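Asks: quick one, structure for this:
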Amino acid sequence: MREIVTIVDVAKAAGVSPATVTHTLNGKRPVGEATRKKVLEAIEQLGYVPS
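Replies: Next up is the predicted model:
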């Protein structure tokens, strides 16, 4: 069975807050390009899938 990856896990891996991960995913608030890249890389590395 595969471990469930959460937004908190992504945030820790990217070195940002869970809110920043949420903002990156939903696009409702601005996120700097460097931060956005870190979050997206962490999502890919961890295999995060929104529930």
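
Asks: identify each buried residue in whichever strand or helix holds Glu41, please.
Replies: Using DSSP states H and E, Glu41 maps to helix 33-46. Neighbour-count burial for helix 33-46 flags Thr35, Arg36, Lys38, Val39, Leu40, Ala42, Ile43, Leu46 (criterion: 16 or more other C-beta atoms under 10 Å). Where you see a C-beta, it was placed from the backbone N, CA and C, and this is true even at glycine.

Asks: so the fifth one sits right up against Thr24, yeah?
Replies: Spelled out, that is Leu40. Yes: look at Leu40 against Thr24 with C-beta atoms under 8 Å: they come within range, at 7.1 Å.

Asks: so where's the chain uncertain?
Replies: Residues of the chain that meet the criterion pLDDT under 70 lie in 1.

Asks: please redo it, this time with the cut-off set to 80
Replies: 1-2 (pLDDT under 80).

Asks: got a list of what Ala13 touches?
Replies: Ala42, Gln45, Leu46 (C-beta atoms under 8 Å, 6 or more residues apart in numbering).

Asks: repeat that with 6 Å
Replies: Ala42 (C-beta atoms under 6 Å, 6 or more residues apart in numbering).

Asks: about what we covered before: and the buried residues of helix 33-46 as TSV, adding distance to Arg2?
Replies: Shown next, in TSV, are the buried residues of helix 33-46 (distance: C-beta to C-beta, whole Å):
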residue	distance to Arg2
Thr35	27
Arg36	26
Lys38	23
Val39	21
Leu40	20
Ala42	17
Ile43	15
Leu46	11
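
Asks: closest one of these to Lys28?
Replies: Checking the buried residues of helix 33-46 against Lys28 with C-beta to C-beta, the nearest one is Arg36 at 13.4 Å.

Asks: distance of the closest one from Ile4?
Replies: For Arg36, the distance to Ile4 (C-beta to C-beta, to the nearest Å) stands at 23 Å.
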